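A.B. asks: Compute the structure for the input listed below.
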Amino acid sequence: MWLSLYGSRLVTMAAINGHSPAGGCLLSLACDYRVMAEGKFTIGLNETQLDLVAPFWLRQTMVDVIGYRQAEMALMIGALYTSDKALQLGLVDKLVPIEDVQTIAEEEVKNWLKIPDQARAITKMASRKPLLDELRKRKQEDIQTFRDETTRESVQMSIQQYLEKLKAK
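C.D. replies: Residues are numbered from 1 along each chain as shown. Next up, the predicted model:
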């Protein structure tokens with residue numbers, strides 16, 4: 001799914017109306033523009049907190065979005081950022097009241113659709129082509145690595161503890 005979203009020639013917009021750890025952040029990073037609810041919500045790639053290593057394509061996407069040093073630190077510690085900090089880093093593009101997230105994202109799509117489609121799409125695909133090509137080349141290896149990593153006992157224990165912690169909230 002990420003490959004299709006990231007590799008889409010269409011305008012893609014993330015409307016983030018709550019917490020967005022791990023997979024939620026992953027999906028939003030694949031989009032062209034990210035609108036997030038302001039407030040006490042967090043976003044980030046917290047995989048290392050679960051004893052997981054983000055795959056190469058996700059690490060590279062994070063680097064492309066927020067820069068090498070910020071991505072390196074965020075990935076090493078599994079950082080979850082407040083919406084304000086995420087905006088400051090460039091992890092999200094706009095903060096709005098939660099009740100306006102969908103409407104503002106739809107307005108942003110309309111603005112993006114005013115841009116000549118061919119030029120926008122060619123620019124997007126040229127920017128994303130190196131990572132897309134590498135991921136397609138390494139897709140089977142990536143799937144195998146993900147399976148091996150997620151089935152490790154320590155990872156399963158970390159995920160279980162994380163889920164229990166969430167239930168207790």
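A.B. asks: Only the buried residues of stretch 72-83, if you could.
C.D. replies: 74-75, 78-81, 83 (16 or more other CB atoms under 10 Å). Bear in mind the C-beta positions are built from the backbone N, C-alpha and C, glycine included.
A.B. asks: Now do the strands for this structure: every range, in order, please.
C.D. replies: 13-16, 20-21, 33-37, 42-44, 81-82, 94-96 (DSSP state E).
A.B. asks: I'd like to know which helix or strand in this structure has the lowest mean pLDDT.
C.D. replies: helix 153-168 (a mean of 89; mean pLDDT, DSSP states H and E).
A.B. asks: Give me the contact list for it.
C.D. replies: Applying CB atoms under 8 Å, 6 or more residues apart in numbering, the contact partners of helix 153-168 are 49-52, 149-150.
A.B. asks: could I get the residues you listed as JSON lines with neighbour count?
C.D. replies: Shown next, in JSON lines, are those (neighbours: other CB atoms under 10 Å):
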{"residue": "Q49", "neighbour count": "16"}
{"residue": "L50", "neighbour count": "20"}
{"residue": "D51", "neighbour count": "18"}
{"residue": "L52", "neighbour count": "20"}
{"residue": "E149", "neighbour count": "14"}
{"residue": "T150", "neighbour count": "13"}
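A.B. asks: Just to be sure, which of those residues are found in helices?
C.D. replies: Among the contacts of helix 153-168, the ones falling in helices (DSSP state H) are 149-150.
A.B. asks: I143 - how many residues pack around it?
C.D. replies: 11 (other CB atoms under 10 Å).
A.B. asks: An error on my part: the question was meant for S4.
C.D. replies: By the criterion of other CB under 10 Å, S4 has 8 neighbours.
A.B. asks: what's the pLDDT at it?
C.D. replies: Predicted confidence (pLDDT) at S4: the value is 96.
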